[in-house]
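Colleague: Pasting a predicted model and its sequence here:
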Amino acid sequence: MTDHQGLAGESAMSAPEPTRTATTTTEDTEVVEAELVDDDLLPAIAPPPAAPRPLLDRHTILHPGELIPTEVDAPTYTHRDFEVSQATSERLKHKSAPANTNRNYSSQRRNFAEWCEAMGRVTRPCTTATYVEWVASLIAREMAPNTIRTYMSSVRTWMPEDQRPGTSEARGMLAEYRKEWGKRNRVRKAPPITERMLRAMVDTCDLRTPAGLRDRCALLVARGALNRRIELADLDIKDVDVEDAGVDLWIAYSKTDQEGKGESTFIPADPTGSPLYDPVSAVRDWLSCLHRMDIHEGPFVRALTSTGRLQNRTAATTRGDYVTGDALNDWIRHRAYLAKLPNWHLITSHGIRRGGAQQIADAGGDPTQQGRWKPGSATVKREYLDRAQSRSQNPWHQVYVARRNAPSAD
């Protein structure tokens, strides 16, 4: 071997081997060698999707063969499902309770919110403990039990329906407090206005004036129909039908008719007395007065100026031309003052309702239907029927009868 050949051979021996590809071919299939990695570095395997959550609560009822509902079965709500129209929005603003009730609720809820803030408690939704503690604070202030009950109702209904506080503890406290409070306080109700008192009030009405005609009519209609003051204030001219036999009132809404189905109440004419105290005559005279003022529709009872003109109240109050119950109380109390009735300052329109109901019960009648109480009303039974029966069966009557029938000493 020559040196040249030796060098060539050494060069051939030291040359790097050609690079091998990671691919081998077997017939028509190409196989790629996989890279070897540690098991700990393998990519995470995605877990299987969770099963839809079942939609069950303690009120769910499944019929035979019915599958358990899940979130998949729930509808998908959009903004449209929660939105109401402008017309509906306006109607919602004027729904529910009368204005007086809404004002009371606002005041009571504000009282609760201020108390919670002072105590460092959450106002809405409140816990049962907060609710109970607040009721206890009202009791500590020695508020009337019925007032506390209305406070409790206004605050509880203010809470979201599914997060309202429990009431058993608060009601238990109130029940015990009511017993204590009843021993110390006697509820003073408006004095009943008897027929003699009512006639004395009618006698003060100057029938030459619109105010005299209105007040006489209001007194006699309220007496005949046993009206609540708001029922009288809400009467429309179209709701009053007068005929020789009596006056028919359509009471479109009342305390015991929250749905506004309406109810007719008939006031029979009084053939035994003077026309001055007859409701038929009083209604006809007042309607004639309204017609002379060119009033043929709208509220039946109207506010008047001192000169006898109609007051323009359209923009003055939320009731417009309809008078308020407070206004009726003022007019009736003024008539009691003019009649020089004792304790005239305590008299209210409710006294007319009480006096009339008691007179019916004393005569053996049932005032329930005439006054639009609920059938079998416990209030009527306790306040009027039982009282009338107790008075008529008082044992002293037997003493007086025996005295009259006893032979004279002569």
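Modeller: Sure thing, it's come through.
Colleague: Run a quick neighbour tally on residue 60.
Modeller: 10 (other Cβ atoms under 10 Å). C-beta coordinates here come from the backbone N, C-alpha and C atoms, glycine included.
Colleague: Let me see the contact set for it.
Modeller: residue 69 (Cβ atoms under 8 Å, 6 or more residues apart in numbering).
Colleague: and if we set it to 6 Å?
Modeller: By Cβ atoms under 6 Å, 6 or more residues apart in numbering, the contact list for residue 60 is empty.
Colleague: Check it and give its pLDDT.
Modeller: Here, the pLDDT recorded for residue 60 equals 84.
Colleague: which residue ranges form the strands in this protein?
Modeller: Ranges of strands in the chain, per DSSP state E, are 23-26, 29-32, 240-243, 246-251, 263-268.
Colleague: List the buried residues in the fourth one.
Modeller: Just to be clear, that refers to strand 246-251. 246, 247, 249, 251 (16 or more other Cβ atoms under 10 Å).
Colleague: is it true that the third one touches residue 263?
Modeller: Looking back up the chat, that one is residue 249. No. Assessed by Cβ atoms under 6 Å, residue 249 is found out of contact with residue 263, at 9.1 Å.
Colleague: Output the contacting helices and strands for the lengthiest helix in the chain.
Modeller: Longest helix in the chain by number of residues (criterion: DSSP state H): helix 99-119. Here helix 99-119 touches helix 145-156, going by 3 or more Cβ pairs under 6 Å, 6 or more residues apart in numbering; DSSP states H and E.
Colleague: which residues of the stretch 151-300 of the chain score low on pLDDT?
Modeller: For the stretch 151-300 of the chain, residues meeting the criterion pLDDT under 70 lie at 186-188.
Colleague: residue ranges for the helices of it, please.
Modeller: Taking DSSP state H, counting those that start in this stretch, the helices of the stretch 151-300 of the chain run over residues 168-184, 195-202, 210-225, 229-233, 279-292.
Colleague: how about those in JSON lines, adding mean neighbour count and distance to residue 152?
Modeller: Compiled in JSON lines, those are given as follows (neighbours: other Cβ atoms under 10 Å; distance: least, Cβ to Cβ, whole Å):
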{"stretch": "helix 168-184", "mean neighbour count": "13", "distance to residue 152": "6"}
{"stretch": "helix 195-202", "mean neighbour count": "18", "distance to residue 152": "37"}
{"stretch": "helix 210-225", "mean neighbour count": "24", "distance to residue 152": "32"}
{"stretch": "helix 229-233", "mean neighbour count": "21", "distance to residue 152": "24"}
{"stretch": "helix 279-292", "mean neighbour count": "18", "distance to residue 152": "41"}
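Colleague: Need the ones you listed in TSV (columns: distance to residue 55).
Modeller: Listed next are the helices of the stretch 151-300 of the chain as TSV, based on distance: least, Cβ to Cβ, whole Å:
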stretch	distance to residue 55
helix 168-184	30
helix 195-202	64
helix 210-225	54
helix 229-233	46
helix 279-292	62
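Colleague: do you know which of those helices lies nearest residue 117?
Modeller: With Cβ to Cβ as the measure, helix 168-184 is the member of those nearest residue 117 (20.2 Å).
Colleague: what's the angle from the closest one to helix 145-156?
Modeller: Relative orientation of helix 168-184 and helix 145-156, computed by axes from the mean of the first three to the mean of the last three Cα atoms, to 10 degrees: 160 degrees.
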